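J.: sequence and computational prediction follow.
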Amino acid sequence: MDLKELYQDIIVEHGKSPRNFGKCNGHNHEAKGHNPLCGDQVQVYLKLNDNKKVENLTFEGSGCAISMASTSIMTELIKGKSSLSAKNIINAFLNMIKSGSELKTNDLNEDQKIKIMSLSGVKQYPMRVKCATLAWHTLISAIDGKKVEINTEVIDK
Amino acid sequence: MNIENIKSQFPIFKKKINGKPLVYLDSSNSSQKPMSVINRLNDFYKNEFSNIGRSIHSLSVNATNKYEETRVSIKNFINASSKDEIIFTKNATESINLVASTFGQQNIKKGDEILITELEHHSNYVPWNYLRESKGAVIKFAPINDDGDLIISEFEKLITSKTKIVAVTHLSNVTGTIVPVKEIIDIAHKKNIPVLVDGCQSAPHIKIDVKDLDCDFYAISCHKVYGPTGIGVLYGKKKWLEKLPPYIGGGGMIQEVKKDRISYAPLPEKYEAGTMPTAEVVAFNESIKFMQSIGIENLVNHERELTNYALEKLKTINSVKIIGNPKNKAGVISFTIKGVHPHDIATILDEDGVAIRAGHHCCQILHQRLNLTATARASFGIYNTKEDIDILCGAIENCRKVFDLK
């Protein structure tokens, strides 16, 4: 295992200075996620317009570099997508991290794919997978308008 | 004392982790096992195995004798009055659950108070919570100061006429605080309140004398004392263990079984229902022999020297913060690095073969008290050396490099 693959510059940088951090104005969806094993917390704020397009997506929370960077990158990539593409991207990401499959999605351009692939090193560290996936599960919950808090101990079994 | 010689008795240290020699700094979680313990498990299964107590054949008699020899060794190790005061359990958690359940059943009613501390591991809180849920008991937490020391005067104030039991750790698994349990027991006993001591962390690291402490119950986890997993010990004063109801029911703990009534076996069998982890108990005798071959004083001195060395070195690293500064501290050092989450620290240290623990260490109450969500923890055993600390510090520097810390 190569540490550099996990802690790529982009991860460290996003971990230190996460994008889209804070509550956004006019959000109409939100959801909470929690990893009780390590205490990571995330709350995503989503503004979906009448055409089900993600107009804005921000988050608040605390956690390790992997979880902060993963959430930050997620908000960058999902903003502006339709809720359908958003879900496709989320599923492609979760499949890549959890089952190690290739990233399969037509909803991201090449630059965006490179960005999301920077998180793929996590799959070699089974104990850290939940750090990377928490926010993405939480975003599904926000899009679907579910009220239940996402708990990694329940969803990632 | 030659640590290299001691270390060579632990076969795990021949193993490489990520191509590096293993630097094991997670002994508070569980200790590694010396060859004598591993061999004893193997030998017992190979040449001596039988269930204990129930059969007349030679193998069973021998197995029973060996099992009881461990009980006597533990009795001597902690200076109990009688071997009947030594109960084998699954782990220290079960030992505490046994007391909470049986003592609670007999002595706790709605509004009664259980006094614990902010330092407790979840295993010395959750079992008491059952009594809060089932009986309406009240759980009070004696506070600590910012150094991680229990504030004795506040503890004393929390004792009321409703306090039915005190449960306190002997040694914090986060701050390394050695709690003055003798003083606490004196205070509680003056008001006729029994005290349970969670000795999970203390048993492998400081001398234990239950007679001198005068504690009513003492819980030990054998896998932290260089022994096998699957066994724990509950020491209980005979007067309590005789008076309290049985815990788990089944074979081995009965005296007479009739359709209309059952009478229970005397101590210690009363609390050892079903087939026990025989081989593990037998092998644990080797763990005690191992500790005795080193000598508790030597062990304490070595770990103290190591702890002082580590504290001095860690303090020189920028952005490292040590959690707590207790008056009396054992070989447990929790720390944070500003700008690096403990889980990232643990992953990066592992790359250098350094095994530490990261998280809340089953002490969420303590972490909330200290305004922390998680910490990194290095904890020592008899096999650790100053070189291990140097490697730890080097790995922390590597961590700082990955995160480009100034």
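T.: Done, it's in.

J.: quick check: end-to-end length of stretch B:362-378?
T.: Chord length of stretch B:362-378, first to last residue, is 15 Å (C-alpha to C-alpha, to the nearest Å).

J.: check stretch A:20-30 too.
T.: Start-to-end, stretch A:20-30 (C-alpha to C-alpha) is 14 Å.

J.: for chain B, tell me whether it is touching it.
T.: No. Contact between stretch A:20-30 and chain B is absent, the nearest approach being 15.6 Å (criterion: C-beta under 8 Å from any C-beta of the partner chain). For every residue, glycine as well, the C-beta is placed using N, CA and C.

J.: from chain B, how far out is residue A:120?
T.: To chain B, residue A:120 is 16 Å away according to C-beta to the nearest C-beta, to the nearest Å.

J.: where does the closest residue to that residue other than its chain neighbours land in three-state SS?
T.: Excluding the flanking residues, the one nearest residue A:120 by C-beta to C-beta, 6 or more residues apart in numbering or on different chains is residue A:96, at 5.9 Å. At residue A:96 the chain is in helix, as set by DSSP: H, G, I helix; E, B strand; the rest coil.

J.: also the one 5 residues further on?
T.: Local secondary structure at residue A:101 is given as coil here, using three-state DSSP.

J.: and the closest residue to residue B:4 other than its chain neighbours, how many residues sit next to it?
T.: With sequence-adjacent residues excluded and distances taken as C-beta to C-beta, 6+ apart, residue B:4 is closest to residue B:385, at 7.5 Å. Other residues near residue B:385 number 17, with proximity taken as other C-beta atoms under 10 Å in any protein chain shown.

J.: around chain B, pick out the residues from chain A.
T.: So chain A meets chain B at A:1, A:3, A:6-7, A:12, A:16, A:37-39, A:41, A:62-66, A:125, A:127-128, A:131 (C-beta under 8 Å from any C-beta).

J.: try it again with 10 Å
T.: Proximity of chain A to chain B, by C-beta under 10 Å from any C-beta of the partner chain, involves residues A:1-4, A:6-7, A:9, A:11-13, A:15-16, A:35-41, A:62-68, A:125, A:127-128, A:131.

J.: the chain: helices as residue ranges?
T.: Since no chain was named, I'll use chain A. Under the criterion DSSP state H, chain A carries helices at the ranges A:3-6, A:9-16, A:65-78, A:83-99, A:110-117, A:129-144, A:152-155.

J.: I was thinking of chain B, sorry if that wasn't clear
T.: Under DSSP H, chain B gives helices at B:3-7, B:35-43, B:58-78, B:92-107, B:126-135, B:152-158, B:181-190, B:210-213, B:238-243, B:278-294, B:296-315, B:342-351, B:364-369, B:386-402.

J.: thinking again about what came up before, wait, which of the helices of chain A is closest to residue B:373?
T.: The closest of those to residue B:373 is helix A:65-78. By C-beta to C-beta, the value is 11.7 Å.

J.: relative to helix A:129-144, how tilted is that closest one?
T.: 30 degrees (axes from the mean of the first three to the mean of the last three C-alpha atoms, to 10 degrees).

J.: run the chain-centre distance for helix A:65-78.
T.: From the chain centre to the centre of helix A:65-78 is a distance of 5 Å (C-alpha atoms, centre = their mean, to the nearest Å).

J.: in terms of secondary structure, what does the one helix or strand in chain A whose mean pLDDT sits lowest contact?
T.: Lowest on mean pLDDT, DSSP states H and E among the helices and strands of chain A sits helix A:152-155, with a mean of 73. Applying 3 or more C-beta pairs under 10 Å, 6 or more residues apart in numbering or on different chains; DSSP states H and E, we find helix A:152-155 packed against strand A:29-35, helix A:129-144.

J.: looking at the ones you listed, which one is packed in the most?
T.: The highest mean neighbour count among these, using mean count of other C-beta atoms under 10 Å in any protein chain shown, belongs to helix A:129-144: a mean of 24.

J.: now the angle from that one to helix A:9-16?
T.: 60 degrees.

J.: helix A:129-144 to helix A:83-99, inter-axis angle?
T.: Per the same axes, to 10 degrees, the angle that helix A:129-144 makes with helix A:83-99 is 160 degrees.

J.: by how many degrees do helix A:129-144 and strand A:29-35 diverge?
T.: Between helix A:129-144 and strand A:29-35, the angle comes out at 160 degrees (the same axes, to 10 degrees).

J.: C-alpha coordinates for helix A:129-144, CSV please?
T.: This file holds the C-alpha atoms of helix A:129-144, laid out as CSV (Å, rounded to 0.1, in the frame of the first residue of the first chain):
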residue,chain,number,x,y,z
VAL,A,129,-14.0,3.2,3.5
LYS,A,130,-16.8,4.6,5.7
CYS,A,131,-14.9,7.9,6.1
ALA,A,132,-15.2,8.4,2.3
THR,A,133,-18.7,7.1,1.9
LEU,A,134,-20.6,8.8,4.7
ALA,A,135,-21.4,12.1,3.0
TRP,A,136,-22.5,10.4,-0.2
HIS,A,137,-25.0,8.2,1.6
THR,A,138,-26.2,11.3,3.4
LEU,A,139,-26.7,13.1,0.1
ILE,A,140,-28.9,10.3,-1.2
SER,A,141,-31.0,10.8,2.0
ALA,A,142,-31.2,14.5,1.4
ILE,A,143,-32.3,14.1,-2.2
ASP,A,144,-35.0,11.6,-1.2
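
J.: tell me the mean pLDDT for that helix?
T.: Averaged over helix A:129-144, pLDDT sits at 94.

J.: go on, stretch A:29-44?
T.: Here stretch A:29-44 scores 88 as its mean pLDDT.

J.: and the residue nearest to residue B:4, what does it touch?
T.: Counting by C-beta atoms under 10 Å, 6 or more residues apart in numbering or on different chains, residue B:385 touches B:3-4, B:6-7, B:23, B:302, B:306, B:309, B:391.

J.: who touches the least confident helix or strand of chain A?
T.: Helix A:152-155 is contacted from outside by A:33-38, A:40, A:129-131, A:133-134, A:137-138, A:140-141, A:148, using C-beta under 10 Å, 6+ apart.

J.: residue B:364 and residue B:372, how far apart?
T.: Residue B:364 sits 10 Å away from residue B:372, taking C-beta to C-beta, to the nearest Å as the criterion.

J.: list residues touching both of the two?
T.: Contacts common to residue B:364 and residue B:372, judged by C-beta under 10 Å, 6+ apart, are residue A:39.

J.: quick revisit: among the helices of chain A, show the one with the smallest mean pLDDT.
T.: Among these, helix A:152-155 carries the lowest mean pLDDT, at a mean of 73.

J.: can you give me the neighbour number for the closest residue in space to residue B:127 that isn't next to it in sequence?
T.: With C-beta to C-beta, 6+ apart as the criterion, residue B:127 has its nearest non-adjacent residue at 3.8 Å, and that residue is residue B:100. By other C-beta under 10 Å, the residues close to residue B:100 number 24.
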